[in-house]
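> Predicted model and sequence below, questions to follow.
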Amino acid sequence: MTQFQLYFELGLDHILDLRGFDHMIFIIILCAIYLIRDWKNVIVLITAFTVGHSLTLALATFKVVNVNPAMVEFLIPATILITALSNIFKPEKYKSNRVIHLNYYLALFFGLIHGLGFSNNLRSLLGKDENILIQLLSFNLGIEVGQLAIVLVFLLISFLFVDLMNVNKRDWRLVISSFGGGIALL
């Protein structure tokens, strides 16, 4: 197994590990306002989150940024709750002429916070040689692929409920966001 494959799988496992369900819940709540026909917007949204996540993960790994882990552990569920509340209180007819919506900025900013959450663990896993950039890149690509897999499953479930079973889109968004927000409160 190459070093790239190893760190790619570590990133994939990090996202898909059920013990780290907070990451999955955040991704699902981010996507709760979208349907399968919005897949291009969702890819941009998830990539914005990954960019933020990758940036602070790299900065923390290189010891440029050092943040109290207890504060980060508080902020991660706070980002989930804020995103859920944003979805709940977003007007049903919300439309914007802007190409980049507030959600993309939230995803990028909250990605910065989530990246700090795993940085201490990743720092201990990374090698001390010149390949650290390849390790970081492959880890973050694994994260992106894992997130896209979660999104694909969620959008397919949304399609099943909203498009095929005619569940009201607003109700779907409210249930998913309320469920995720409730878990964040715990």
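Great, that's in hand.
> Which elements pack onto the helix ranked longest in the chain?
Using DSSP state H, we find that the single longest helix of the chain is helix 132-158. In terms of contacts (3 or more CB pairs under 8 Å, 6 or more residues apart in numbering; DSSP states H and E), helix 132-158 is packed against helix 3-16, helix 21-31, helix 39-61. Every C-beta, even on glycine, is put in place using the N, C-alpha and C of the backbone.
> Just the angle for it relative to helix 3-16, thanks.
40 degrees (axes from the mean of the first three to the mean of the last three CA atoms, to 10 degrees).
> got JSON lines for the helices and strands packed on helix 132-158, with mean pLDDT, distance to P91 and mean neighbour count too?
Below are the helices and strands packed on helix 132-158 laid out as JSON lines (pLDDT from 0 to 100; distance: least, CB to CB, whole Å; neighbours: other CB atoms under 10 Å):
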{"stretch": "helix 3-16", "mean pLDDT": "91", "distance to P91": "31", "mean neighbour count": "18"}
{"stretch": "helix 21-31", "mean pLDDT": "92", "distance to P91": "18", "mean neighbour count": "23"}
{"stretch": "helix 39-61", "mean pLDDT": "91", "distance to P91": "18", "mean neighbour count": "20"}
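> Good, wrapping up.
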